[in-house]
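A.B. asks: Predicted model and sequence below, questions to follow.
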Amino acid sequence: MSQPFPVRPPSPVSLDDRARDNIRFIRETMERAGSFTAVPGWGGVALGITALGAATIASRMSRPRDWLLIWLGELAVAIGIAGWTTLSKARRSGSSLLTGPARRFAYSFAPPILAGALLTAVMVHLSEMGTIPGMWLLLYGTAVVTAGAFSIRIVPLMGLCFVVLGAVALFCPWNWGNAFLAAGFGGLHILFGAVIARNYGG
């Protein structure tokens, strides 16, 4: 028995459309697999708040070495906050901190930070502490830019802001250094941390 109305076969999918969809899927998958996404947004906000507190306390120090000790104490606090919040975000997303993008991120981040530690020791030994704030901001920014190549897009932009701020600080008077550190480690961390937390899952 014939059907009253002929059934039209579904229109075939264009090979070009199918190829474009496949390429887009592969590209997005590779980008997700090749990016370190556990950068903690709220952790960055917390880093900024503690840095502003350290800047407030350090501004009351009359001796440069006391000022330095305050900021080294803040460094220890920052390492603890960053480590805990990064680990928590990685666990929530099911990503590993020991392999893949996380390892590449760490390898790129570490050399400028180690260079900053060595240069800080040299400057303290030579009693040339006036350039420490600018150097810290510059090398931290360099670490964030280089490591950010393996992370979400906003991370290199944050690093670039630190680089610019550090470069300006190097040519400003010593007594402005604490304000630059507050603006960088305090203000920039809060600003970019809030953006990351809102757009990239906390």
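C.D. replies: In hand now; what should we look at?

A.B. asks: Tell me which helix or strand in this protein has the weakest average pLDDT.
C.D. replies: Across the helices and strands of the chain, the lowest-confidence element by mean pLDDT, DSSP states H and E is helix 15-33, at a mean of 57.

A.B. asks: next structured bit after it?
C.D. replies: Sequence order places helix 41-58 as the next helix or strand after helix 15-33, per DSSP states H and E.

A.B. asks: just checking, what packs against that next one?
C.D. replies: helix 64-93, helix 177-181, helix 189-199 (3 or more Cβ pairs under 8 Å, 6 or more residues apart in numbering; DSSP states H and E). The C-beta positions use only the backbone N, C-alpha and C, and glycine is treated the same way.

A.B. asks: most packed of the ones you listed?
C.D. replies: helix 177-181 (a mean of 22; mean count of other Cβ atoms under 10 Å).

A.B. asks: May I see the helices and strands packed on helix 41-58 arranged in CSV, with distance to residue 99 and mean pLDDT as well?
C.D. replies: Converted to CSV, these look like this (distance: least, Cβ to Cβ, whole Å; pLDDT from 0 to 100):
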stretch, distance to residue 99, mean pLDDT
helix 64-93, 11, 91
helix 177-181, 34, 96
helix 189-199, 22, 93
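
A.B. asks: Make JSON lines out of the ones you listed and add distance to residue 151.
C.D. replies: As requested, these are arranged in JSON lines below (distance: least, Cβ to Cβ, whole Å):
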{"stretch": "helix 64-93", "distance to residue 151": "11"}
{"stretch": "helix 177-181", "distance to residue 151": "23"}
{"stretch": "helix 189-199", "distance to residue 151": "10"}
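
A.B. asks: Could you tell me the phi and psi values at residue 151?
C.D. replies: phi -130, psi -170 (degrees, to the nearest 10).

A.B. asks: That one bridge partners, please.
C.D. replies: Under DSSP bridges, the beta-bridge partners of residue 151 are residue 36.

A.B. asks: Could you count how many residues lie near it?
C.D. replies: The number of residues packed near residue 151 is 26, by other Cβ atoms under 10 Å.

A.B. asks: repeat for residue 148
C.D. replies: 23.

A.B. asks: Tell me who's in contact with it.
C.D. replies: Taking Cβ atoms under 8 Å, 6 or more residues apart in numbering, we find residue 148 in contact with 155, 156, 157, 158, 159.

A.B. asks: Looking at these, which are in helices?
C.D. replies: 155, 156, 157, 158, 159 (DSSP state H).
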